[in-house]
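Pasting a predicted model and its sequence here:
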Amino acid sequence: MAFVGQRHWIVTGGLGFIGSAFVRMVLRDRTDVRVTVLDAMTYAANPENVREVAGDPRYRFVRGDICDAAAVREAIGDEAAAIINFAAETHVDRSILAPEQFLKTDVLGTHILLEAVREQGIGRFVQVSTDEVYGDVEQGSSTEDDPIRPRSPYAASKAGGDLQVLAYHNTYGTPVLITRGSNTYGPYQYPEKLIPLFVTNLIDDTPVPVYGDGRQVRDWLHVDDHARGILHVLEHGELGNVYNLGGGNSRENIEITKVLLEATGRSWDTHVRHVTDRAGHDRRYSLDASKAMRLGWQPNVSFEAGLRETVEWYRANEAWWRPIKSGEFREYYKTQYASR
């Protein structure tokens, strides 16, 4: 049965990459929904990501951490029909450098949100998770029934949050859903991730750091398709279920690098620097998204078209990413790559 009616939705982490795409889409496509964004404004959050909808009377912003129960209560207000949890520490490399914050946000924060759902009778809770909880996939594709085998501090923290979500459903009957998305790309992505990092470096005539031999395989999903998938699961998913959202676009990192070099007019010899591979780097991820497709969702953006449009977006929006790369990011980049 579809999730219908006049609705107030709480979107945690709504100033981040995927969360802001979801907020923009909902306020564009759902006239009967008002949205409160709860965001702690950490390094990857950016108010510019929601500028186009910030003046909408159905949009409200609360600055706060999901680990703070009082901030969660303020965001919910008198009532809320759903919480969609995008709030997370998300970058594997940062989790290797400093894992404790990942545990706090991704595990404790999820627990506090689940308690709010249980105590206030909120109708649905969607946990936005990742394919990385399945761990390295040598062959085939991960289904929702496969065991989770996280191999990085980030993946383990997300898996811990997922397990809490399912435990609350089984123990308390909490109305939960989980989505697990594949590698996501598109506009407004913080430039620590592969595609925006490489595009912005190459625009600036700066070499890109290719990990190891570059033969790691990822499945790519456009952010708009990912946001639509989360919305579809929220409105049509069966409570207590997990839904994989995969793009069906498996590519080696080295192949992505070659496409981005060509798109920016750079050469392999002058603009690629092989660096020491990430510790414990998973070789391959792959999702079987047939369950979500049976529910009625499918990705619409072809990878070739989506990647071209993404490159052009970063070309046309230097005012968005240049301030980011000149601030906290510069110190992180130096720490991450100088000795590799």
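That came in fine, so what should we check first?

Dihedrals phi and psi, Gly55?
Main-chain dihedrals, Gly55, degrees, to the nearest 10: phi -90, psi 0.

what number of residues lie near it?
Residues within reach of Gly55, counting by other C-beta atoms under 10 Å, total 7. For every residue, glycine as well, the C-beta is placed using N, CA and C.

and if you look at Val223?
For Val223, the neighbour count with other C-beta under 10 Å is 23.

quick one: contacts for Ala292?
Residues near Ala292 by C-beta atoms under 8 Å, 6 or more residues apart in numbering: Thr179, Gly229, His232, Val233, Tyr243, Asn244, Leu245, Gln298.

starting at the chain centroid, how far to stretch 261-272?
Centroid separation for stretch 261-272 versus its chain: 28 Å, with C-alpha atoms, centre = their mean, to the nearest Å.

and if you look at stretch 235-242?
Counting by C-alpha atoms, centre = their mean, stretch 235-242 comes out at 19 Å from the chain centroid.

now swap in stretch 292-301 and tell me
For stretch 292-301, the distance to the chain centre is 18 Å (C-alpha atoms, centre = their mean).

Just the C-alpha atoms of that stretch, please, in PDB.
The C-alpha coordinates for stretch 292-301 follow below in PDB (Å, rounded to 0.1, in the frame of the first residue of the first chain):
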ATOM      1  CA  ALA A 292      13.500  -2.500  -6.100                       C
ATOM      2  CA  MET A 293      12.700  -2.900  -9.800                       C
ATOM      3  CA  ARG A 294       9.900  -5.300  -9.000                       C
ATOM      4  CA  LEU A 295       8.600  -2.600  -6.700                       C
ATOM      5  CA  GLY A 296       8.500  -0.200  -9.700                       C
ATOM      6  CA  TRP A 297      11.800   1.700  -9.600                       C
ATOM      7  CA  GLN A 298      14.500   1.700 -12.200                       C
ATOM      8  CA  PRO A 299      17.500   4.000 -13.000                       C
ATOM      9  CA  ASN A 300      16.800   6.300 -15.900                       C
ATOM     10  CA  VAL A 301      20.100   8.200 -16.400                       C
END
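
Show me which parts of that stretch are buried, residue by residue.
Across stretch 292-301, burial judged by 16 or more other C-beta atoms under 10 Å covers Ala292, Met293, Leu295, Trp297, Pro299, Val301.

Likewise for stretch 87-103?
Neighbour counts over stretch 87-103 (16+ other C-beta under 10 Å) mark 87-96, 99, 102-103 as buried.

if we look at that stretch, which residues are touching it?
For stretch 87-103, contacts defined as C-beta under 8 Å, 6+ apart pick out 12-13, 16, 19, 38-40, 42, 44, 66, 105-106, 109, 128, 130, 132, 152-155, 157-158, 160-161, 192-193, 278-280, 332, 335-336.

Mind doing that once more with 6 Å?
Applying C-beta atoms under 6 Å, 6 or more residues apart in numbering, the contact partners of stretch 87-103 are Thr12, Gly13, Ile66, Thr105, Asp106, Ser152, Pro153, Tyr154, Ser157, Glu192, Ala279, Gln336.

The first one touches Gly64, doesn't it?
No. Here Thr12 does not reach Gly64: they are 9.2 Å apart, not a contact under C-beta atoms under 6 Å.

Run through the residues that contact Val275.
Pro209, Arg340.

List phi and psi for it.
Main-chain torsions, Val275, degrees, to the nearest 10: phi -120, psi 160.

isn't there a strand covering Pro209?
Yes. Judged by DSSP: H, G, I helix; E, B strand; the rest coil, Pro209 forms part of a strand.

Do you know the pLDDT at it?
According to the prediction, Pro209 has pLDDT 94.

Run a quick neighbour tally on it.
Residues contacting Pro209 under the criterion other C-beta under 10 Å number 17.

Domains of this protein: list them as residue ranges, please.
Domain ranges of the chain: 7-184+221-245, 190-218+249-279+301-335, per automatic domain parsing.

Please state the offset of the shortest one from the chain centre?
Translated: domain 190-218+249-279+301-335. Averaged C-alpha coordinates place domain 190-218+249-279+301-335 at 17 Å from its chain's average position (C-alpha atoms, centre = their mean).
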